[in-house]
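Chemist: Structure of the sequence below:
(one chain, ligands or ions: 1)
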Amino acid sequence: MREHSGVAIEDFLITSGSAVREALQMINGAPIKICLLVDTQGRLLRAVTDGDIRRGLLAGLDLESSADELPGREPVTCFADAEKDAIYRLLDENQVHSVILIDKESRPVGLADRASLGAGILMSPPHMGEIELHFVRAAFEDNWIAPAGPNLVQFEKELAKASGRSHALAVSSGTAALHLALRVIGVRAGDRVYVSDLTFAASLQPIMFEGAIPVLIDSEPDSWNMSSEALGRRLAEDAKDRTLPRAIILVHLYGQPADISSIKAIADHYCVPIVEDAAESLGASYADRPSGSHGQLAAFSFNGNKIITTSGGGALVGDDAELLEKARNLSTQGRDFAEHYQHSEVAYNYRMSNVLAGIGLGQLALLQERVAARRAIFRRYREGLTDIPGIGFQQEAPCSRGSRWLTVISLNPNRIGRHSYQLMRELRRAGIETRPGWKPMHMQPLCAGLKFEPHSESEPVSSRLFLQSLCLPSGSSMTQLDQDHIIAQIRRMVAET
Ligand SMILES: Cc1ncc(COP(=O)(O)O)c(C=O)c1O
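Modeler: Numbering: from 1, shown residues only. Below you'll find the model as predicted:
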């Protein structure tokens with residue numbers, strides 16, 4: 001039998017001849033307000049809801065009457081081994097909350113509702129392959145259970161290749177990689193560092209680790225990435241005041257590369273280095289070169305929800321051997337070159353473990369497949385939702401190919417007639433996980449008082465996107481069936497407005 005529901009069916013059964021009181025007691029204590037009347041052989045006769053009991057009592061029955069006299073309804077049933085899509089169809093066509101699963105003798109064996117069917121449609125769960133275990137096992141067999149070893153060496157080599165760089169340093173998180181980038185570039189307390197405003201807090205917090213001052217640069221409306229207009233305006237102002245930033249952290253939001261050519265041209269004009277926050281964009285490309293290969297340095301994340309994962313981890317990549325060597329030293333407590341333990345500066349324990357690098361090696365081998373799957377998911381969402389007035393999609397910057405790590409839609413509340421949070425809650429009730437887009441940094445309590453440069457005086461773009469956007473399930477392991485269901489649910493909910 002296929003288990004669609006977390007509830008025990010016995011808790012919903014009453015036998016023919018039982019009193020109305022028993023049905024009422026059962027429904028009263030049950031999480032789902034329904035009970036199933038069965039004959040003495042356990043075969044389903046009909047379903048009774050609390051509304052049916054109310055109607056029965058109003059029509060003159062009392063609590064001691066037989067439950068068989070209640071005005072029940074024809075149950076919506078299907079065999080327990082039915083495919084998910086058949087059950088989805090029954091739910092939709094009959095406008096019911098649950099379908100009763102029966103066996104060949106018509107005995108109820110379970111209940112299926114949208115939540116139980118949809119449970120597991122997560123935003124971006126890890127998608128594990130099979131070869132990861134091979135590398136992890138090798139680490140165990142060789143006893144390389146340390147932040148050093150053959151998996152780590154190989155992972156860094158492959159990662160450098162995948163990101164079009166000469167060097168890679170695998171560390172414990174994307175946040176650590178960004179922190180090391182700022183340290184080796186020479187960011188000091190009091191320095192200004194520009195950062196994309198619309199991002200996850202981890203893009204900005206390493207600036208604060210160093211006591212430097214983040215300056216928040218708005219998004220542009222198409223790719224939702226850093227606005228070159230806002231950047232140019234802010235740099236021109238700061239150049240006048242001689243307060244140019246020490247670095248720019250450029251985020252590739254939700255896996256779509258920012259318009260690096262324009263951003264880089266402006267940054268180069270003022271000689272400000274770019275650190276790419278490519279945490280979400282591994283496998284994407286811009287101008288036929290991998291995302292992460294354009295700035296002076298770039299950081300990736302292998303958090304569990306990312307396009308590939310090491311359960312938790314990150315990497316710093318770049319072409320300058322000296323910078324990467326310095327980062328490597330800082331990632332291992334900054335030991336001086338000496339036989340004994342000698343240290344001259346503050347450093348960290350940021351190195352990735354050889355065991356996790358084994359997971360990374362297995363995952364990296366499938367990177368392009370994972371990107372292709374996420375791009376296909378984006379395409380299907382666009383095809384399935386694009387005709388709904390008020391729904392928009394994040395666009396790819398010119399000459400770029402995003403990883404579509406997450407498909408994020410924007411919902412214009414004036415046209416859709418609802419706030420994205422309403423839709424999020426309705427989808428949650430249907431067992432589908434969605435999330436609001438990132439809350440911009442300039443709206444965060446953490447960033448109170450920080451300078452924010454809007455895209456244009458009339459339009460701060462990031463706050464509008466925040467209020468209107470919704471991240472949809474985009475995991476590369478999601479089935480087409482589940483995605484069709486999500487699309488159908490969104491269409492139904494929006495149509496009901
Ligand atoms: C844009 C961005 N930057 C940085 C990070 C930090 O990566 P990690 O979670 O590996 O520290 C993340 C994700 O978590 C992210 O989405």
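Chemist: Please make it C-alpha for all contacts and neighbour counts, starting now.
Modeler: OK.
Chemist: buried sites along the top helix by length along the chain?
Modeler: The residue-count maximum for a helix in the chain (DSSP state H) belongs to helix 367-385. Within helix 367-385, the residues that count as buried by 16 or more other C-alpha atoms under 10 Å are 367-368, 370-371, 373-378, 380-382, 384-385.
Chemist: Packing partners of it?
Modeler: Packed against helix 367-385 by the contact rule (3 or more C-alpha pairs under 8 Å, 6 or more residues apart in numbering; DSSP states H and E) you find strand 407-411, helix 480-495.
Chemist: For the last one, list the C-alpha coordinates in CSV.
Modeler: Spelled out, that is helix 480-495. Backbone C-alpha positions of helix 480-495 (Å, rounded to 0.1, in the frame of the first residue of the first chain) are rendered in CSV as follows:
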residue,chain,number,x,y,z
GLN,A,480,7.7,17.0,-13.6
LEU,A,481,4.6,15.7,-12.0
ASP,A,482,5.2,17.7,-8.9
GLN,A,483,6.0,20.8,-10.9
ASP,A,484,2.8,20.4,-13.0
HIS,A,485,0.9,20.2,-9.7
ILE,A,486,2.6,23.4,-8.4
ILE,A,487,1.7,25.3,-11.6
ALA,A,488,-1.9,24.0,-11.4
GLN,A,489,-2.2,25.1,-7.8
ILE,A,490,-0.9,28.6,-8.5
ARG,A,491,-3.2,28.9,-11.4
ARG,A,492,-6.2,27.8,-9.4
MET,A,493,-5.3,30.1,-6.4
VAL,A,494,-4.8,33.1,-8.6
ALA,A,495,-8.0,32.4,-10.5
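Chemist: which secondary structure elements does it contact?
Modeler: Under the contact criterion of 3+ C-alpha pairs under 8 Å, 6+ apart, helix 480-495 touches helix 367-385, helix 420-429.
Chemist: How far away from the center of its chain is it?
Modeler: Its chain's C-alpha centre and that of helix 480-495 lie 18 Å apart, by C-alpha atoms, centre = their mean, to the nearest Å.
Chemist: try the shortest one
Modeler: Between the mean C-alpha location of strand 407-411 and the chain-wide mean there is a distance of 13 Å, by C-alpha atoms, centre = their mean.
Chemist: Could you check that strand against the ligand for contacts?
Modeler: No: Strand 407-411 lies apart from the ligand when judged by C-alpha under 6 Å from any ligand atom; the minimum separation is 13.7 Å.
Chemist: quick one: strands adjacent to that strand?
Modeler: strand 391-393 (antiparallel), strand 469-472 (antiparallel) (DSSP bridges).
Chemist: what's the closest of the helices and strands packed on helix 367-385 to Gly51?
Modeler: helix 480-495 (24.7 Å; C-alpha to C-alpha).
Chemist: List, one by one, the residues from this structure near the ligand.
Modeler: 173-175, 199-200, 202-203, 251, 277, 279-280, 301-303, 313-314.
Chemist: Of the helices and strands packed on helix 367-385, which stretch is the most buried?
Modeler: Stretch with highest mean neighbour count among those: strand 407-411 (a mean of 23; mean count of other C-alpha atoms under 10 Å).
Chemist: Give me the contact list for the next helix or strand after that strand.
Modeler: Reading on from strand 407-411 to the C-terminus, the next helix or strand found by DSSP states H and E is helix 413-416. For helix 413-416, contacts defined as C-alpha atoms under 8 Å, 6 or more residues apart in numbering pick out 389-391, 419-420, 468, 494, 497.
Chemist: Tell me the most packed of those residues, by neighbour count.
Modeler: Neighbour tally across the contacts of helix 413-416 (other C-alpha atoms under 10 Å): the maximum, 25 neighbours, falls on Ser420.
Chemist: Verify the stated contact: it with Ser469.
Modeler: Yes: if you go by C-alpha atoms under 8 Å, Ser420 and Ser469 touch, sitting 6.5 Å apart.
Chemist: Need the overlap of contacts for the two.
Modeler: Residues touching both Ser420 and Ser469 (C-alpha under 8 Å, 6+ apart) are 411, 436.
Chemist: Let me see the domain layout of this protein.
Modeler: Under the assignment automatic domain parsing, the domains of the chain span 9-118, 131-364, 367-495.
Chemist: Tell me how far the residue lying farthest from the centre of the chain lies from Ile53.
Modeler: Distance to the chain centre peaks in the chain at Gly60, reaching 54.3 Å (criterion: C-alpha atoms, centre = their mean). For Gly60, the distance to Ile53 equals 11 Å [C-alpha to C-alpha, to the nearest Å].
Chemist: repeat for Glu369
Modeler: Taking C-alpha to C-alpha as the measure, Glu369 and Ile53 are separated by 55 Å.
Chemist: Can you give me every residue that contacts the closest residue to Glu105 other than its chain neighbours?
Modeler: What sits nearest to Glu105 in space, not counting adjacent residues and going by C-alpha to C-alpha, 6 or more residues apart in numbering, is Arg43, at 6.8 Å. Residues near Arg43 by C-alpha under 8 Å, 6+ apart: 105-108.
Chemist: Closest one of those to the ligand?
Modeler: Nearest to the ligand among these, counting by C-alpha to the nearest ligand atom, is Pro108 at 44.8 Å.
Chemist: So what pairs up with the residue lying closest to that closest one once chain neighbours are set aside in the strands?
Modeler: Spatially, and ignoring its direct neighbours in sequence, Pro108 is nearest to Ile102 (4.3 Å; C-alpha to C-alpha, 6+ apart). Counting by DSSP bridges, Ile102 is bridged to Phe79, Pro108.
Chemist: who's in contact with the residue nearest to Ser66 when sequence neighbours are not counted?
Modeler: If the residues on either side of it in the chain are set aside, Ser66 comes closest to Ala19, at 4.6 Å by C-alpha to C-alpha, 6+ apart. For Ala19, the contacting residues are 63-67, by C-alpha under 8 Å, 6+ apart.
Chemist: please redo it, this time with the cut-off set to 6 Å
Modeler: 64-67 (C-alpha atoms under 6 Å, 6 or more residues apart in numbering).
Chemist: ok, and the most crowded of those?
Modeler: Counting by other C-alpha under 10 Å, top hit in the contacts of Ala19: Ala67 with 26 neighbours.
Chemist: Give me the neighbour count for Glu74.
Modeler: Around Glu74 there are 9 residues (other C-alpha under 10 Å).
Chemist: What's the separation between it and the ligand?
Modeler: Separation of Glu74 from the ligand (C-alpha to the nearest ligand atom, to the nearest Å): 50 Å.
Chemist: and if you look at Ile377?
Modeler: 19 Å.
Chemist: In terms of pLDDT, where does that residue sit?
Modeler: pLDDT, Ile377: 98.
Chemist: repeat for Gly51
Modeler: According to the prediction, Gly51 has pLDDT 88.
Chemist: and it, what are its phi and psi?
Modeler: Main-chain dihedrals, Gly51, degrees, to the nearest 10: phi -60, psi -40.
Chemist: quick one: contacts for it?
Modeler: No contacts exist for Gly51 under C-alpha under 6 Å, 6+ apart.
Chemist: Distance of it relative to Ile27?
Modeler: Per C-alpha to C-alpha, Gly51 is found 11 Å from Ile27.
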